[in-house]
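# Let me see the structure of the following:
(2 chains)
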Amino acid sequence: MTTPAPTQTLDLAARFPGSVTPDEREGYDGWIVAKEKLISFAQVVRDEFGYDYLSSLTGVDYLPEGKMEVVYHVYKTTGGPGLIFKVQVPRQDPIEVPSLMPVYPGADLQEREAWDLLGIKFIGHPDLRRVLMWEGFEGHPLRKDWQEAFFEEEAKPFKSRWPDGQFTMAEDRTPLGDNVAFPAGFDPKKARFDPETALYESLRQYDKEETGLETDHMLVNMGPHHPSTHGVFRMAVILDGETIVSLKPVMGYLHRNHEKIGERNTFLMNMPYTDRLDYLSSMSNNFGYALTVEKLMGVKPPERAEYIRVIMAELTRIANHVWAIGFLLNDLGAYFTPMLYGVEERELILDIFEAVSGSRMMCNYFRFGGVARDLPEGTLEKIHGIAFDRLPRKIDELERLLAENEIVRTRSIGQGVLSAEDAIRYSAAGPLLRASGIPYDVRRAEPYGIYDRFEFDVAVRYNGDIYDRMMIRFDEVRQSIRIIQQAVKDLPGGPITAMKPVYQVRVPAGEAYGRVEGPKGELGYYVISTGKSTPWRYHIRAPSFINLTAFGPMCTGLKIADVVGVLGSIDIVLGEVDR
Amino acid sequence: MDDMYGKGILKGLGVTLKHFWETYLDDAVWLVRRVTKGERRYLSLEGVAHRSSKDARGIFTVQYPEEKLLIPEEFRYIPFLVYDEGPNGEKTMRCTSCGICSRVCPPQCIWIVRSADPATGRPIPDPFEFQIDADVCMNCGLCAEYCPFDAIKMDHDYEMASTSRTVFNKEQLAKPASYYEAIRPINAAQENAARAAKEAARAAAE
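Now for the predicted structure:
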């Protein structure tokens, strides 16, 4: 490259002569750091350059080159572009990379995920267990040489479908009639699984306090089937009486290896799959993915498409937040009245999505270089109606119902506090981060699309407790309404896509990390293209998943009954947590 | 807490009370409309439309299956194949078995066997068999979006619960163009106009 990439202008190579070099592959950016220097490099980057927020950590399997790479994306919470650095190690087990937990504790779940799916051992990680697959699972599924039980071909479209598409059911092709394969030499009758010991051992690594009293601690499993967990999510808790001394989230019950599916799919095929990540806010998911691939392709959507995108993304945020507030109140015991009031507003928004995209939740509306279709007749009036007339009034009403209620206040104020420092350290994102007093919003910190044109405030609250996390969602809904009002007024005419609709897009080789401020927080996509029809790597920085890093520390010291409220206030969707 | 007088609770109860009253208030308003215009709040199209509009107050729910939400034109469910009907009732499939839908399908649930001319063995543009595994289909609509012949379209029929795996074959998937024009009038009119223009251009060139 002739001009240095934006993040390569810092003089980091001079600080670490010989061990830090710019990444010079075509279409790539950032620094390649020697494994030995990784921790000191990260310390310098964090403390001297101010990149205090670890956004994404993931691995890439470069099978043909025989290399395994770990990619880190770090940002400043004061805003601005990020910094990318990478560690490359030979692809021979054991693949070992030092853990960044001492510098960025937010690496916890992300390193566990990279270990689980790619088999990269993070030396120094205090609790390196599998996180999405179960203990005892054979192999690391995101490796390029790993094949699933239903494996057909490396990449879609499969040759068996056309022109001689004799129909067979996938389950008829596997010996067990199910999506299950046994490793060679495995005898199910003799197999013994012990998935829990490691979990319980890690759970017991809390600081034992000497109180002088001999009290027994009790281990309780909440979930996976528990009404408070919003899906199949499990919390393993150690209790001293009713007080929590240690808590670990256990997930993966809904895991389908979205990323592996994504790497078999063509670029366009991934769009409907992104709907199913955070299935409450599919428009935002579409937005992030479209943005990332557009970065690689160098395409810019036309004006009208940009405005439609913003309107849809903000409507999604409103729909998500009223739902989140409603379910938080469910968790706190106000059973279904506030929730259904919220759902009424969401219902009107879903009607708009249905009219525009054809589906209420699985919108699949964004395309590279634009959107799938123009707004049908009457939709703009509908959006106008709810944004100017109904929503402002209804949000005030919902707030009147909840904000001053003494029971809500006693149950939520001062509970589940996450300090500003901890929020950054644990890579918390979205409402969770902003309710702790960090005014960080990707729409402002690093504007994407046309967000720099709109007037809105970044909502922020300072106590970091359940109450603030509820109230910040009201604030954000109000800001979203402001944005929609401006966008509806300024919506220009013209085309809705920058290129001819093609089902096979050409994506030049390179990497791109695109992020949007989703309703749950910073939603990032890390996509690597090798110029072929399918992405080489397709990683999702899932805000629900990473927000759970802070869940354990937030709950320590609380009563068990309050955990439900804390989880509700984080607002997770298991489709995104488990991917 | 600073004040625990229950003021906030009362304020909140005021909101729920308002919701409660509004349902009955709206019933009264609709009673007048029923007398004057013959419009009903329940079990009627205008009633459902009102309840899913921004002016809805009070109760919001739709009593499925007696009442059903109105379906917008773009609504999409399992795809179907469009055939044109000739003057004598003969059916011509629009599908040419080009395979674009099966190649663009994200979960790969479309299976096509192309026909071959029995004499020459060369492929002919007509599917011999066309199957969609409806249990794998994710209703994304990409097949309909990228079909160059307007031959595969997304349906509006969403009531298709079954107790076994559902795989549709060509006969089950085929629906007349008139059905398509009925469920998606605006789209169909646009496509018909575009096709007519193309044919006129071709005729002019010859």
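# Okay, and the closest residue in space to A:Pro338 that isn't next to it in sequence sits in which element?
Leaving out its chain neighbours, the residue that sits closest to A:Pro338 by Cβ to Cβ, 6 or more residues apart in numbering or on different chains is A:Leu329, at 4.1 Å. Heads up, the C-betas are built off the backbone N, CA and C, glycines and all. Counting by DSSP states H and E, the element that carries A:Leu329 is helix A:303-332.
# need the contact list for the most centrally placed residue in chain B.
Centroid-nearest residue in chain B, with Cα atoms, centre = their mean: B:His156, separated by 2.9 Å. Taking Cβ atoms under 8 Å, 6 or more residues apart in numbering or on different chains, we find B:His156 in contact with B:Ile71, B:Phe75, B:Tyr77, B:Ile183.
# and chain A, which of those residues reach it?
When Cβ under 8 Å from any Cβ of the partner chain is applied, the members of those adjacent to chain A are B:Phe75.
# out of the contacts of B:His156, which one sits closest to A:Arg173?
Checking these against A:Arg173 by Cβ to Cβ gives B:Tyr77 as the nearest, at 27.5 Å.
# still on that earlier bit, show me how to select, in ChimeraX, the buried members of the contacts of B:His156.
Applying 16 or more other Cβ atoms under 10 Å in any protein chain shown to the contacts of B:His156, the buried members can be selected in ChimeraX as follows:
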select /B:75,77,183
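# can you redo the contacts of B:His156 as CSV with secondary structure?
CSV is the format used below for the contacts of B:His156 (DSSP: H, G, I helix; E, B strand; the rest coil):
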residue, secondary structure
B:Ile71, coil
B:Phe75, coil
B:Tyr77, strand
B:Ile183, helix
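# ok, of the contacts of B:His156, which one's closest to chain A?
B:Phe75 (5.5 Å; Cβ to the nearest Cβ).
# Just give me the longest strand of chain B.
Determined from DSSP state E, the single longest strand within chain B is strand B:123-133.
# Each with direction, which strands does that one pair with?
With DSSP bridges as the test, strand B:123-133 is paired with strand B:110-116 (antiparallel), strand B:167-168 (antiparallel).
# Next secondary structure element downstream of that strand?
Toward the C-terminus from strand B:123-133 - assigned by DSSP H and E - lies helix B:142-146.
# Give me the contacts around that next one.
A:268-269, A:272, A:364, A:372, A:501, A:503, B:76, B:79, B:100-102, B:104-106, B:110, B:152-154.
# A:Asp441 is in contact with A:Arg434, isn't it?
Yes - taking contacts as Cβ atoms under 8 Å, A:Asp441 lies within contact range of A:Arg434: 6.9 Å.
# what touches both of those two?
Counting by Cβ under 8 Å, 6+ apart, the contacts common to A:Asp441 and A:Arg434 are A:Val458, A:Ala459.
# gap between the closest residue to A:Gly493 other than its chain neighbours and A:Arg444?
Among residues not flanking A:Gly493 along the chain, A:Arg304 sits closest, at 6.3 Å (Cβ to Cβ, 6+ apart). Distance of A:Arg304 to A:Arg444, computed by Cβ to Cβ, to the nearest Å: 24 Å.
# Which parts of the stretch 401-550 of chain A are helices?
Under the criterion DSSP state H, counting those that start in this stretch, the stretch 401-550 of chain A contains helices at A:406-412, A:420-425, A:431-434, A:442-445, A:466-490, A:543-547.
# how much space is there between A:Ala387 and B:Ala134?
37 Å.
# Settle it for me: which of those two has more neighbours?
Between A:Ala387 and B:Ala134, A:Ala387 has the larger neighbour count (other Cβ atoms under 10 Å in any protein chain shown), namely 25 against 19.
# so what does the helix or strand hosting A:Ala42 touch, helix or strand wise?
Using DSSP H and E, A:Ala42 sits within helix A:38-47. Counting contacts by 3 or more Cβ pairs under 8 Å, 6 or more residues apart in numbering or on different chains; DSSP states H and E, helix A:38-47 packs against helix A:12-15, strand A:67-75, strand A:83-90, strand A:95-98.
# Contacts for it next, please.
A:12, A:15-16, A:19-20, A:33, A:51-52, A:72, A:74, A:83, A:85, A:87, A:97-98, A:100, A:102-104.
# same thing with stretch A:246-254?
Here stretch A:246-254 makes contact (Cβ under 8 Å, 6+ apart) with A:127, A:130-134, A:199, A:202-206, A:223-224, A:231-238, A:545, A:548, A:551-552, A:555-556, A:563, A:574-575, A:577-578.
# re the thing from before, for the residue nearest to A:Pro338, give me its contacts.
Per Cβ under 8 Å, 6+ apart, neighbours of A:Leu329: A:Thr337, A:Pro338, A:Met339, A:Leu402, A:Val408.
# ditto for A:Ile438
Per Cβ under 8 Å, 6+ apart, neighbours of A:Ile438: A:Thr77, A:Ala420, A:Ala423, A:Ile424, A:Val460.
# let's go with 6 Å and repeat that
If a contact means Cβ atoms under 6 Å, 6 or more residues apart in numbering or on different chains, then A:Ile438 has A:Thr77, A:Ala420, A:Ala423 as its contacts.
# ditto for A:Gly59
A:Val70, A:Ala114, A:Leu118, A:Ile120.
# If I take the helix holding A:Ala42 and strand A:67-75, what angle do their directions form?
Here helix A:38-47 points in a direction 20 degrees away from that of strand A:67-75 (axes from the mean of the first three to the mean of the last three Cα atoms, to 10 degrees).
# Return helix A:38-47 as PDB; C-alpha atoms alone will do.
C-alpha atoms of helix A:38-47 as PDB (Å, rounded to 0.1, in the frame of the first residue of the first chain):
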ATOM      1  CA  LEU A  38       1.400  -8.700  23.000                       C
ATOM      2  CA  ILE A  39       0.600  -7.800  26.600                       C
ATOM      3  CA  SER A  40       3.100  -4.900  26.800                       C
ATOM      4  CA  PHE A  41       1.900  -3.700  23.400                       C
ATOM      5  CA  ALA A  42      -1.700  -3.700  24.700                       C
ATOM      6  CA  GLN A  43      -0.700  -1.900  27.800                       C
ATOM      7  CA  VAL A  44       1.000   0.900  25.800                       C
ATOM      8  CA  VAL A  45      -2.000   1.100  23.500                       C
ATOM      9  CA  ARG A  46      -4.400   1.300  26.400                       C
ATOM     10  CA  ASP A  47      -2.500   3.600  28.800                       C
END
